[in-house]
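Participant: give me a model of this one.
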Amino acid sequence: MKIQKNKIYVLVDSSDKEESGSFSDIYNFLGDEIISGKQIDKVVLGKLKANDVLVVENVLCLGSSLSEILEALAVCAEHRVHLCLARENISFKADKLPEIADSLLLAWRLHQSLISLRSKTALQERKEQGVKLGRPYGSNPALKLDDHKDEIKKLLLTGVSKDDIAEQYNVCRATVYNFVKKNPELLLRE
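Facilitator: Residues are numbered from 1 along each chain as shown. The predicted structure follows:
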């Protein structure tokens with residue numbers, strides 16, 4: 001009967017030679033396979049089998065965003081892989097990884113909610129102090145076309161389209177339409 005040995009994969013960040021050197025020395029005697037790089041990739045995650053051990057320097061080796069970290073945790077849980085985070089000095093058994101992922105997601109949602117609450121509270125305080133919030137209506141009184149008001153009136157009265165005026169003054173159509181709307185006297189004949 002052949003006994004299958006579980007592998008230990010050790011991820012070492014090759015960009016930081018001093019720190020990663022000591023990390024790899026510590027785990028060199030343990031690791032069946034040393035993987036060089038900043039983050040674990042899909043190829044390594046695909047190699048993992050039940051009861052293998054994945055040792056990484058820190059949680060950021062699993063991904064650069066929360067979604068990538070959660071995805072890596074899900075793959076480890078699916079393959080029933082044990083995970084060790086060396087810098088944090090934490091190890092997780094495979095059966096606990098789904099709970100860890102759920103807790104991490106809950107903590108992230110709580111963090112987002114607290115940020116939102118803090119922003120809403122600060123805005124409410126400013127409003128109570130009498131500060132007007134948001135961009136004031138008509139906050140751009142000096143439009144690009146104000147200097148050309150007389151010329152534009154002549155062009156409109158001679159039947160030149162607003163699109164052609166926009167092209168002539170190198171502005172977008174909406175600027176001309178807003179300018180005429182703001183200055184209705186441009187359309188009146190004298």
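Participant: is residue 84 part of a helix or strand, or is it coil?
Facilitator: Following DSSP: H, G, I helix; E, B strand; the rest coil, we place residue 84 in the strand state.
Participant: let me fix that: residue 54
Facilitator: strand.
Participant: ok, now how distant is it from residue 75?
Facilitator: 10 Å (CB to CB, to the nearest Å). Where C-beta positions appear, they are placed from N, C-alpha and C, glycine not excepted.
Participant: count of neighbours near residue 109?
Facilitator: 10 (other CB atoms under 10 Å).
Participant: sorry, slip of the keys, the one I care about is residue 102.
Facilitator: Neighbour tally, residue 102, other CB under 10 Å: 12.
Participant: ok, it to residue 113 distance?
Facilitator: Using CB to CB, one obtains 16 Å as the distance from residue 102 to residue 113.
Participant: if we can go back for a sec, higher neighbour count, residue 54 and residue 75?
Facilitator: residue 54 (27 against 19).
Participant: pick out the residue closest to the middle of the protein.
Facilitator: Residue closest to the average C-alpha location in the chain (CA atoms, centre = their mean): residue 65, at 7.7 Å.
Participant: quick check: phi and psi at it.
Facilitator: For residue 65, the backbone dihedrals (degrees, to the nearest 10) come out as phi -140, psi 160.
Participant: do you know how far it is from residue 176?
Facilitator: Taken as CB to CB, the span from residue 65 to residue 176 is 44 Å.
Participant: same check, this time on residue 184
Facilitator: Counting by CB to CB, the gap from residue 184 to residue 176 is 14 Å.
Participant: coming back round to it: give me the pLDDT for the residue nearest to the centre of the chain.
Facilitator: If you check residue 65, the pLDDT there is 83.
Participant: quick one, helices of the protein?
Facilitator: 17-28, 42-47, 66-78, 97-128, 149-157, 162-168, 173-182 (DSSP state H).
Participant: nearest to residue 86 among these would be which one?
Facilitator: Residue 86 sits nearest to helix 17-28 of all the helices of the chain, at 6.2 Å, using CB to CB.
Participant: same question for that closest one, mean pLDDT?
Facilitator: 49.
Participant: cool, stretch 148-163 as well?
Facilitator: For stretch 148-163, mean pLDDT is 88.
Participant: quick one: terminal-to-terminal distance for that stretch?
Facilitator: One end of stretch 148-163 sits 16 Å from the other (CA to CA, to the nearest Å).
Participant: any stretches of the chain with poor pLDDT?
Facilitator: Low-confidence segments of the chain (pLDDT under 70): 1-43, 136-143, 189-190.
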